[in-house]
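>>> pasted the sequence and its predicted model underneath.
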Amino acid sequence: GENVEQHPSTLSVQEGDSAVIKCTYSDSASNYFPWYKQELGKRPQLIIDIRSNVGEKKDQRIAVTLNKTAKHFSLHITETQPEDSAVYFCAASMGGGATNKLIFGTGTLLAVQP
Amino acid sequence: GAGVSQSPSNKVTEKGKDVELRCDPISGHTALYWYRQSLGQGLEFLIYFQGNSAPDKSGLPSDRFSAERTGGSVSTLTIQRTQQEDSAVYLCASSFAGDTYEQYFGPGTRLTVT
């Protein structure tokens, strides 16, 4: 079946450094790629998303890049802060717009050391 | 406005008993999703409702799991004859149909099967 792979599973960085999380997907019809942040004991919340008609999108310290040919996309966090510590999930839409279904990656636990 | 709500927030049940978990989506959202999240794990897709279409049940792990969505709004996830491996947080999410895929998550129900 369709799947999304996410790496690394854990990532530890020093405060102020950059963090990069990478995902690959299998459904060539996927056209929407969101990233969710889940703090400990909280619900996942959308932090940024990208659609297949753009290659990069930025929102302050976070950015997402998309390579449709290679079927991979990445989350970049610059100038990391302790409050960025959380689990991050990537996802890809299924069915090329025929459904709203998302397939999620397995998550990356990001720890920002002060 | 009100977000996605779920009840109960915590449920402890004995092995073999049936449980019902409830989800109230955001008003106007036609798509509703159930996920399961085991401790430290990712988001496992269970079932997806979209308007009046037949639900996508492809993620249900066994025939002990079922879900309904009445009147296009509230949904109930039922687990029959619970097993210890069913212990997890069950998350519900809702979204608009069409191009906007952002899923809004509820706070989850933590199910513990003893």
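Nice, thanks for sending it over. Source: prediction; values computed, not measured. Numbers count the residues shown, from 1 in each chain, chains lettered A, B, ... in the order given.

>>> continuing past the helix or strand of chain B with the lowest mean pLDDT, what's the next helix or strand?
Ranked by mean pLDDT, DSSP states H and E, the weakest helix or strand in chain B is strand B:44-50, scoring a mean of 91. Downstream of strand B:44-50, the first helix or strand assigned by DSSP states H and E is strand B:65-69.

>>> where along chain A do the helices fall?
Counting by DSSP state H, one finds no helices in chain A.

>>> mind listing the strands the one helix or strand in chain A whose mean pLDDT sits lowest pairs with, and their directions?
Of all helical and strand segments in chain A, the minimum by mean pLDDT, DSSP H and E falls on strand A:102-104, at a mean of 89. With DSSP bridges as the test, strand A:102-104 is paired with strand A:86-93 (antiparallel).

>>> wait, is residue B:71 part of a helix?
Yes. Using DSSP: H, G, I helix; E, B strand; the rest coil, the assignment for residue B:71 is a helix.

>>> can you tell if stretch A:54-66 touches chain B?
No. Taking CB under 8 Å from any CB of the partner chain as the criterion, stretch A:54-66 and chain B are apart, separated by no less than 14.0 Å. Any C-beta I mention is one placed from the backbone N, CA and C, and that applies to glycine too.

>>> okay, buried residues for that stretch please.
A:62-66 (16 or more other CB atoms under 10 Å in any protein chain shown).

>>> just stretch B:84-97 next, same as before
In stretch B:84-97, counting by 16+ other CB under 10 Å, buried: B:86-96.

>>> got the angle between the least confident helix or strand of chain B and strand B:65-69?
30 degrees (axes from the mean of the first three to the mean of the last three CA atoms, to 10 degrees).

>>> strand B:44-50 near chain A anywhere?
Yes. Counting by CB under 8 Å from any CB, chain A is contacted by strand B:44-50 at B:45, B:48, B:50.

>>> same check on stretch B:78-91?
Yes. Under the criterion of CB under 8 Å from any CB, chain A is reached by stretch B:78-91 at residue B:91.

>>> alpha carbons of that stretch, as CSV, please.
The C-alpha trace of stretch B:78-91 is given here as CSV (Å, rounded to 0.1, in the frame of the first residue of the first chain):
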residue,chain,number,x,y,z
THR,B,78,-16.6,0.9,19.0
ILE,B,79,-14.1,-1.7,20.1
GLN,B,80,-15.6,-5.0,21.0
ARG,B,81,-14.0,-7.6,23.2
THR,B,82,-11.1,-5.4,24.0
GLN,B,83,-7.6,-6.8,24.2
GLN,B,84,-4.5,-5.4,26.0
GLU,B,85,-2.9,-4.5,22.7
ASP,B,86,-5.8,-2.1,22.1
SER,B,87,-4.4,0.2,24.8
ALA,B,88,-3.5,3.5,23.0
VAL,B,89,-4.6,7.0,22.5
TYR,B,90,-7.4,7.2,20.0
LEU,B,91,-7.4,10.5,18.1
